[in-house]
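K.L.:
Below is the sequence, then the predicted model.
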Amino acid sequence: MERTIRPIRCAVYTRKSTEEGLDSDFNSLDAQREAGEAYVASQRQEGWVLLPDHYDDGGFSGGNIERPALQRLLKEMEAGRVDCIVVYKVDRLSRSLMDFSKLVEIFDRHKVSFVSVTQHFNTTDSMGRLTLNILLSFAQFEREIIGERVRDKIAAAKKKGMRCGGVPVLGYDLVDGKLVVNPQEAKLVKMVFEWFLRIGSTTILARQLNDQGHMTKAWTTVKGRVRTGSPWHKAHLYRLLNNRTYLGEVTHKEKVYPGEQKAIIERSLWDKAHSILAKNYHARSASTRAETPALLKGLIRCGHCGKSMGITFTRNKGRMYRYYLCQTASKSGYGACPVKTMAAGEIEKVVVDQLRRVFSDPEIAARVGKMVGENMPLDAKEIRDALRNIDEVWSELFPAEQARIVQLLVASVEVEEHGIVLNIRRNGLRSLVMESNGPDGQEGSQAEEDDGTLSVAIPMSFKRRSGRKEIMVPTGSAQASEVVAPPQEPLALALARAFEWQELLDTGKVKSAGAIAKQAGVSKAYVTRILRLSHLAPDIVQAILDGREPSGLSLVKLSDPMPMAWEEQRVKLGFPSIVTSI
């Protein structure tokens, strides 16, 4: 009786640490693959079968297992489609003893064997495992020695003032591995330092550079890929102003050495610029910023560009004034965003007042009663009392407890040019009531399924003298409807811009969204978002212009990526469907 041989499905894995030579007709990965295929063929009588898929990681280190082909192989193994993994050498799979031990555990768990073509051992017995650990120890030792050699080589090269890789900086070109001054870019670098001495602000300087059409460094990689320049923001300027390459120096681990490249900036100009940077840093220390309270941190965002608004502050006559600052305005200058800033104390007070207004609204209490449902049977009076109790003791709560309740209730605060939209979580209200009445106050901490929001729109105007934004709180109690209709000016203005800009593109008067952004003095991302509005269904556009849009519709939601089908747009934005008869 013939012995039935179970087929053993074999996958060959190959790896090479660098990308050098991978584009040749026959490279190291091909050689490893060929050796693995030959070994599997030699074991055909034992039932070994070669899997056709290639698992090749070219240009990936063996110091970790975050490699695409290896991860794909592990998924195939976990799915039960691989019985044996074949490699040319053990270090092709991993050079880390810890990583390899994890891989062996995975192999054992899924009953997958492991074979090295050039190193014969059997991992099923203790001697084979000892041999494997010895080989891995030497592989890890070799990797660490190579790392030390590379670090020593870089340190020695830096001491001689040599460049050791990295992206070329503005002002220099890379010629035969060395930095050579680019005269045109060098003029721009020197101009940046000189303007900074006069202006003293990286934000204003970035805006002026962008207004004049200046861009950051454009360069071409060794493989011929073109890296175009980008508009300036203050992070670019901080890197440029702190780069000692422009002094003709190189740095290595906080040590400075004379460099091979020619200096672009004089020492006196460098020292003057850094004296201003030191004063700015002292005025806005990181520790002070971290200590600045922010009740709406993570909740408030700009309704114009969709970016979050971070906390910032300024001092005047010993007093600190807090603001929420749009990230677009922070990086690209105040002219890049019409929303810019919002006084922190004022908007936080308005948000808290609106929440307390919700607590005392009888219709809101009725809605919360329906939402609580069977989870906690409470009558209407108990729910009203729970909400009112929170309102009455609010001023006595610790700031941390107030912040927790705000985070629980507020989904987001959207600041637009002419108003604020406060979105209140329905399940947050439900959790707050359950927390107040539940045993030990733990009911409200359970995860709740998202049940939508209640939105309150608060208009905003500008004081003529100071230009300060004044929030106009709606009179009366908060309504239980989905939204108190916001002013239509932001939406109407955005629609007008969208159709005007789309016409410019259609008629060929401008070639791209980038050209429109430059002409209008806004970001390209903003232009792209606004242009989406020109593809809205005609009835949606007309409803917005007439003020008949669904409650809670904001500019951020309106300019999100939108389906092209008009019916899908109506469903997404909450407009009623149009039924046409044939």
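P.N.:
Done, it's in.

K.L.:
Backbone dihedrals for the nearest residue to residue 180 once chain neighbours are set aside, please?
P.N.:
Nearest non-adjacent residue to residue 180, counting by C-beta to C-beta, 6 or more residues apart in numbering: residue 173, 5.2 Å away. Where C-beta positions appear, they are placed from N, C-alpha and C, glycine not excepted. For residue 173, the backbone dihedrals are phi -110, psi 150 (criterion: degrees, to the nearest 10).

K.L.:
any idea how far residue 173 is from residue 219?
P.N.:
Using C-beta to C-beta, to the nearest Å, residue 173 is found at 8 Å from residue 219.

K.L.:
Quick check: next helix or strand after the lowest-mean-pLDDT helix or strand in the chain?
P.N.:
Using mean pLDDT, DSSP states H and E, helix 286-291 stands out as the lowest-scoring helix or strand of the chain, at a mean of 46. Toward the C-terminus, helix 286-291 is succeeded by strand 300-302 as the next helix or strand (DSSP states H and E).

K.L.:
follow-up on the earlier one: check the burial of the residue nearest to residue 180 by counting its neighbours.
P.N.:
Residue 173 is flanked by 13 other residues according to other C-beta atoms under 10 Å.

K.L.:
can you check residue 564 too?
P.N.:
Neighbour count of residue 564, defined by other C-beta under 10 Å: 7.

K.L.:
Kindly report the same for residue 187.
P.N.:
Neighbours of residue 187 (other C-beta under 10 Å): 12.

K.L.:
swap in residue 224?
P.N.:
6.

K.L.:
quick one, phi/psi of it?
P.N.:
Note on residue 224: its backbone torsions stand at phi 90, psi 10 [degrees, to the nearest 10].

K.L.:
Tell me how far it lies from residue 172.
P.N.:
From residue 224 over to residue 172 (counting by C-beta to C-beta), the distance is 20 Å.

K.L.:
can you check residue 207 too?
P.N.:
26 Å.

K.L.:
for the record, mean pLDDT for whichever helix or strand residue 105 is part of?
P.N.:
Assigned by DSSP H and E, residue 105 belongs to helix 97-109. Per-residue pLDDT values across helix 97-109 average out to 78.

K.L.:
Assign a three-state SS to the closest residue to residue 188 other than its chain neighbours, would you?
P.N.:
Take residue 188 and drop its neighbours on the chain: the residue closest to it by C-beta to C-beta, 6+ apart is residue 214, 6.3 Å away. Assigned by DSSP: H, G, I helix; E, B strand; the rest coil, the conformation of residue 214 is coil.

K.L.:
thinking again about what came up before, mind listing the strands the helix or strand following the helix holding residue 105 pairs with, and their directions?
P.N.:
Next helix or strand after helix 97-109 toward the C-terminus (DSSP H and E): strand 113-116. Strand 113-116 pairs in its sheet with strand 84-87 (parallel), by DSSP bridges.

K.L.:
how distant is the partner strand from the center of its chain?
P.N.:
38 Å (C-alpha atoms, centre = their mean, to the nearest Å).

K.L.:
just the strands in the stretch 251-400 of the chain please.
P.N.:
255-258, 300-302, 309-316, 319-326, 341-343 (DSSP state E, counting those that start in this stretch).

K.L.:
quick check: longest helix of the chain.
P.N.:
helix 126-159 (DSSP state H).

K.L.:
Distance from it to the middle of the chain?
P.N.:
Helix 126-159 has its C-alpha centroid displaced from the chain centroid by 35 Å (C-alpha atoms, centre = their mean).

K.L.:
name the helices or strands packed onto that helix?
P.N.:
helix 90-93, helix 97-109, strand 249-252, strand 255-258 (3 or more C-beta pairs under 8 Å, 6 or more residues apart in numbering; DSSP states H and E).

K.L.:
I'd like those laid out as JSON lines, including mean neighbour count.
P.N.:
Formatted as JSON lines, the helices and strands packed on helix 126-159 follow (neighbours: other C-beta atoms under 10 Å):
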{"stretch": "helix 90-93", "mean neighbour count": "23"}
{"stretch": "helix 97-109", "mean neighbour count": "15"}
{"stretch": "strand 249-252", "mean neighbour count": "16"}
{"stretch": "strand 255-258", "mean neighbour count": "12"}
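
K.L.:
So which of those is nearest residue 505?
P.N.:
Closest to residue 505 of the helices and strands packed on helix 126-159 is strand 249-252 (C-beta to C-beta; 47.0 Å).

K.L.:
Using CSV, write out every CA atom in that closest one.
P.N.:
This file holds the C-alpha atoms of strand 249-252, laid out as CSV (Å, rounded to 0.1, in the frame of the first residue of the first chain):
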residue,chain,number,x,y,z
GLU,A,249,28.9,75.3,9.4
VAL,A,250,27.7,71.7,10.0
THR,A,251,26.2,70.4,13.2
HIS,A,252,26.3,66.9,14.8
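
K.L.:
Can we start the residue count at 4 from this point?
P.N.:
Understood, numbering begins at 4; the last thing we discussed is strand 252-255.

K.L.:
and it, which strands flank it?
P.N.:
strand 258-261 (antiparallel).

K.L.:
one step back: just the CA trace of the helix holding residue 108, in PDB.
P.N.:
Output in PDB follows, covering the C-alpha atoms of helix 100-112 (Å, rounded to 0.1, in the frame of the first residue of the first chain):
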ATOM      1  CA  LEU A 100      16.300  38.200  18.100                       C
ATOM      2  CA  MET A 101      13.100  39.600  19.800                       C
ATOM      3  CA  ASP A 102      11.200  39.900  16.600                       C
ATOM      4  CA  PHE A 103      12.300  36.500  15.400                       C
ATOM      5  CA  SER A 104      11.200  34.900  18.600                       C
ATOM      6  CA  LYS A 105       7.700  36.500  18.100                       C
ATOM      7  CA  LEU A 106       7.600  35.100  14.500                       C
ATOM      8  CA  VAL A 107       8.600  31.600  15.700                       C
ATOM      9  CA  GLU A 108       5.700  31.800  18.200                       C
ATOM     10  CA  ILE A 109       3.300  32.700  15.400                       C
ATOM     11  CA  PHE A 110       4.700  29.900  13.200                       C
ATOM     12  CA  ASP A 111       4.200  27.400  16.000                       C
ATOM     13  CA  ARG A 112       0.600  28.600  16.700                       C
END
